[in-house]
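Chemist: everything below, folded, please.
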Amino acid sequence: MANTALIAGSSGIAGSATADLLQKEGWRVLGLARRPLQQDGVIQVAADLLDPASLKAALEGLLPSHVFLASWMRQRTEAENIRVNAAMVRNLLDALRPAQSVRHVALVTGLKHYLGPFEAYGKGVLPETPFREEQARLDIDNFYYAQEDEVFAAAARDGFHWSIHRPHTIIGKAVGNAMNMGTTLAVYATICRETGRPFRFPGSSTQWNSLTDMTDAALLARHMLWASTTPAAFNQAFNVVNGDVFRWSWMWHRIASWFNIQAEDFDGTVRPLEQQMAGDAPVWREISSRYGLAEADIDRLVSPWHTDADLGRPIEVVTDMSKSRRLGFNLYMPTDDAFFALFKQLQAEKLIP
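Modeler: Coordinates of the predicted model:
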């Protein structure tokens with residue numbers, strides 16, 4: 001049977017990488033969004049995941065075989081995160097049910113499965129690192145759990161298989177994305193280079209000194225393709241990271257070197273990017289004008305609050321990939337190479353000079 005992918009969040013970091021990969025693999029790709037962006041080779045489907053009627057009308061006759069859920073909406077409280085994001089998953093799967101075309105659903109969540117939601121991030125009793133998939137859920141409300149439960153319930157009712165994918169911080173390109181460390185650091189490093197400001201690590205001593213890992217968007221896409229087409233991986237949850245570990249005390253200097261600037265030595269003082277970049281909108285407009293860049297609105301490129309959350313954590317975060325390795329997924333990406341590939345792409349698309 002031919003494969004048709006419906007990607008909710010096809011313009012985001014994970015979704016766009018998945019769309020690119022599946023097109024190359026010969027899939028028909030449908031990109032679902034309220035206001036679809038033009039993407040080469042993607043059939044745009046305009047619908048609101050919170051509006052069942054619009055979903056029913058938009059999906060009529062499309063018959064996707066595989067659904068990739070890489071979309072969420074941040075709310076003010078975790079209770080609202082649960083209500084809204086669970087409804088998005090439920091509404092989409094309900095709209096697809098009558099046609100009975102879906103064979104697999106892949107859901108992207110993340111390490112907040114182990115670390116807790118934004119309201120209680122990295123607090124309380126957490127599982128030991130490295131995080132493993134068999135570790136129990138935290139005894140706390142979490143919209144990731146609610147999304148999983150919607151997938152599990154629909155699969156039991158409708159007969160499709162599923163996979164859950166838990167990346168660490170994703171490195172990839174997307175404009176207007178709410179969680180985008182790679183582009184945030186690229187813009188920050190560019191501003192430091194162009195203005196002569198020091199390139200200062202914004203996070204905690206723990207993150208500077210401890211081991212950590214990250215997830216390349218293209219590797220995540222490969223992982224989702226593998227899990228959705230490999231019977232041994234059906235109906236399982238997986239961590240997915242690049243396969244290497246590093247310390248920010250090393251990576252910060254690697255990033256600085258790529259931008260041909262010096263990294264300031266970290267003295268243990270937390271200097272959040274939200275504070276460092278608070279007045280940088282006019283600075284970026286000037287840089288954008290000088291170099292003829294494609295995006296002059298800094299808020300479309302950076303997410304300092306999310307980068308601060310990751311780099312400010314008071315705990316070590318390392319992820320175990322043994323479950324995927326045992327089942328045959330052996331791809332690997334050095335994280336510095338993932339950053340450098342992103343920076344080159346941002347330059348090629350004139351998002352940084």
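Chemist: top helix in this protein by residue count?
Modeler: helix 78-96 (DSSP state H).
Chemist: and the contacts of that helix?
Modeler: For helix 78-96, contacts defined as Cβ atoms under 8 Å, 6 or more residues apart in numbering pick out 6, 8, 32, 49-52, 55-56, 59, 64, 67, 69, 71-75, 102, 105, 107, 117-120, 141-143, 146-147, 149-151, 154, 158. Glycine gets a C-beta too; all of them are placed from N, C-alpha and C.
Chemist: of those, buried ones?
Modeler: Neighbour-count burial (16 or more other Cβ atoms under 10 Å) applied to the contacts of helix 78-96 gives 6, 8, 32, 49, 52, 55, 59, 64, 67, 69, 71-72, 102, 105, 107, 117-118, 141-143, 146-147, 150-151, 154.
Chemist: out of those, which are inside helices?
Modeler: Judged by DSSP H, the subset of the buried ones among the contacts of helix 78-96 located in helices is P52, L55, L59, F143, A146, Q147, E150, V151, A154.
Chemist: now do the SS call for A338.
Modeler: helix (DSSP: H, G, I helix; E, B strand; the rest coil).
Chemist: distance check, it against A218.
Modeler: 8 Å (Cβ to Cβ, to the nearest Å).
Chemist: tell me which two of the ones in helices among the buried ones among the contacts of helix 78-96 sit farthest apart.
Modeler: L59 and F143 (23.5 Å; Cβ to Cβ).
Chemist: pretty sure G9 is touching A17, no?
Modeler: No: under the criterion of Cβ atoms under 8 Å, G9 makes no contact with A17, lying 10.8 Å away.
Chemist: can you list the low-confidence ranges for this protein?
Modeler: 1, 122-124, 178 (pLDDT under 70).
Chemist: can you give me the strands in it?
Modeler: For the chain, the strands defined by DSSP state E occupy 4-8, 28-33, 43-46, 66-69, 104-108, 161-167, 170-171, 211-212, 215-216, 236-240, 246-247.
Chemist: got JSON lines for these, with distance to A86 too?
Modeler: Converted to JSON lines, the strands of the chain look like this (distance: least, Cβ to Cβ, whole Å):
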{"stretch": "strand 4-8", "distance to A86": "14"}
{"stretch": "strand 28-33", "distance to A86": "17"}
{"stretch": "strand 43-46", "distance to A86": "21"}
{"stretch": "strand 66-69", "distance to A86": "12"}
{"stretch": "strand 104-108", "distance to A86": "11"}
{"stretch": "strand 161-167", "distance to A86": "14"}
{"stretch": "strand 170-171", "distance to A86": "22"}
{"stretch": "strand 211-212", "distance to A86": "30"}
{"stretch": "strand 215-216", "distance to A86": "24"}
{"stretch": "strand 236-240", "distance to A86": "17"}
{"stretch": "strand 246-247", "distance to A86": "35"}
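Chemist: now do stretch 285-294: everything it contacts.
Modeler: Residues contacting stretch 285-294 (Cβ under 8 Å, 6+ apart): T190, I191, E194, E295, A296, I298, E349, K350, L351, I352, P353.
Chemist: revised request: answer the last question for stretch 36-54.
Modeler: Defining contact as Cβ under 8 Å, 6+ apart, one finds that stretch 36-54 is touched by 6-8, 10-11, 16, 19, 23, 28-35, 55, 57-59, 62, 71, 84, 87-88, 91-92, 94-95.
Chemist: list the buried residues for it?
Modeler: Buried residues in stretch 36-54, counting neighbours by 16+ other Cβ under 10 Å, are found at P36, Q39, V42, Q44, V45, A47, D48, L49, P52, S54.
Chemist: out of those, who's nearest V317?
Modeler: Using Cβ to Cβ, L49 comes nearest to V317 of the buried residues of stretch 36-54, at 29.4 Å.
Chemist: if we can go back for a sec, now the ones in helices among the buried ones among the contacts of helix 78-96 as a markdown table including distance to R222?
Modeler: Below are these laid out as a markdown table (distance: Cβ to Cβ, whole Å):
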| residue | distance to R222 |
| --- | --- |
| P52 | 33 |
| L55 | 28 |
| L59 | 26 |
| F143 | 26 |
| A146 | 27 |
| Q147 | 22 |
| E150 | 25 |
| V151 | 21 |
| A154 | 25 |
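Chemist: out of these, which is nearest to S163?
Modeler: Closest to S163 out of those is V151 (9.2 Å), distances taken as Cβ to Cβ.
Chemist: that closest one: what's it in contact with?
Modeler: With Cβ under 8 Å, 6+ apart, V151 has these contacts: L69, V89, L93, V105, L107, W162, I164.
Chemist: could you identify the most distant pair in these?
Modeler: Maximum distance among the contacts of V151 (Cβ to Cβ): 14.3 Å, for L93 and I164.
Chemist: can you give me the helices in the stretch 251-353 of the chain?
Modeler: Using DSSP state H, counting those that start in this stretch, the helices found in the stretch 251-353 of the chain span residues 273-276, 281-291, 304-311, 322-326, 335-348.
Chemist: which parts of stretch 211-227 are buried?
Modeler: 212-227.
Chemist: stretch 82-99 too?
Modeler: In terms of neighbour count (16+ other Cβ under 10 Å), stretch 82-99 has its buried residues at 82, 84-96.
Chemist: would you turn the residues you listed into a markdown table with distance to H113?
Modeler: Formatted as a markdown table, the buried residues of stretch 82-99 follow (distance: Cβ to Cβ, whole Å):
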| residue | distance to H113 |
| --- | --- |
| I82 | 14 |
| V84 | 18 |
| N85 | 13 |
| A86 | 15 |
| A87 | 20 |
| M88 | 18 |
| V89 | 15 |
| R90 | 19 |
| N91 | 22 |
| L92 | 21 |
| L93 | 20 |
| D94 | 24 |
| A95 | 26 |
| L96 | 25 |
